[in-house]
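> Got a predicted structure plus its sequence, pasted below:
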Amino acid sequence: MSSLQEALAVLLGAESEGVREVQEARTEAEAMGKNALEKMGAERERRLEAARGKALLLLDGARSAADEEARACSELGRAERERMERRFREVAGDVVQALVRENVENLLKKGGRPA
């Protein structure tokens, strides 16, 4: 019976060892899973931060381009306005003289009576 008791003791010890190893494996697997989730979360955050940084750079570039475009449009408008004013000053006297001449001629044709 002694060998039966020894075999039973060995089997019980092996079972206990198996249960302990299974529990350790579960604990290790849970830790690995948790670690993997944390790493994935950290990677996701890193990618989001990189995307935010790129988006900010794009927005800054677009804002700068829009500002430059607005400045260029404003400058073109100012230059066009100055050109129109200069042209008006150049021809205004001639236009006024032509209108006066035309009105005088019309008055003379009608015998000096205003229309």
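Alright, I've got the coordinates. Please read all numbers here as calculations on a predicted model, not as lab measurements.

> what stretches of this structure score poorly on pLDDT?
Along the chain, the parts satisfying pLDDT under 70 run over 1, 112-115.

> how about the helices in it?
Assigned by DSSP state H, the helices in the chain fall at 2-109.

> Residue 87 versus residue 80, what's the distance?
10 Å (Cβ to Cβ, to the nearest Å). To be clear about C-beta, it is placed using only N, CA and C from the backbone, and glycine gets the same treatment.

> And residue 7, by the same measure?
As judged by Cβ to Cβ, residue 7 and residue 87 stand 117 Å apart.

> repeat for residue 45
From residue 45 across to residue 87, the span is 62 Å (Cβ to Cβ).

> Kindly format the C-alpha coordinates of stretch 99-111 as PDB.
What follows is the C-alpha trace of stretch 99-111 in PDB, where atoms were taken according to Å, rounded to 0.1, in the frame of the first residue of the first chain:
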ATOM      1  CA  LEU A  99     -19.400 118.100 -72.700                       C
ATOM      2  CA  VAL A 100     -19.200 121.900 -72.400                       C
ATOM      3  CA  ARG A 101     -18.500 122.200 -76.100                       C
ATOM      4  CA  GLU A 102     -21.400 119.900 -76.900                       C
ATOM      5  CA  ASN A 103     -23.800 121.900 -74.600                       C
ATOM      6  CA  VAL A 104     -22.600 125.200 -76.100                       C
ATOM      7  CA  GLU A 105     -23.100 123.900 -79.600                       C
ATOM      8  CA  ASN A 106     -26.600 122.700 -78.700                       C
ATOM      9  CA  LEU A 107     -27.400 126.100 -77.100                       C
ATOM     10  CA  LEU A 108     -26.200 127.900 -80.100                       C
ATOM     11  CA  LYS A 109     -28.200 125.700 -82.500                       C
ATOM     12  CA  LYS A 110     -31.400 126.500 -80.400                       C
ATOM     13  CA  GLY A 111     -30.800 130.200 -80.400                       C
END
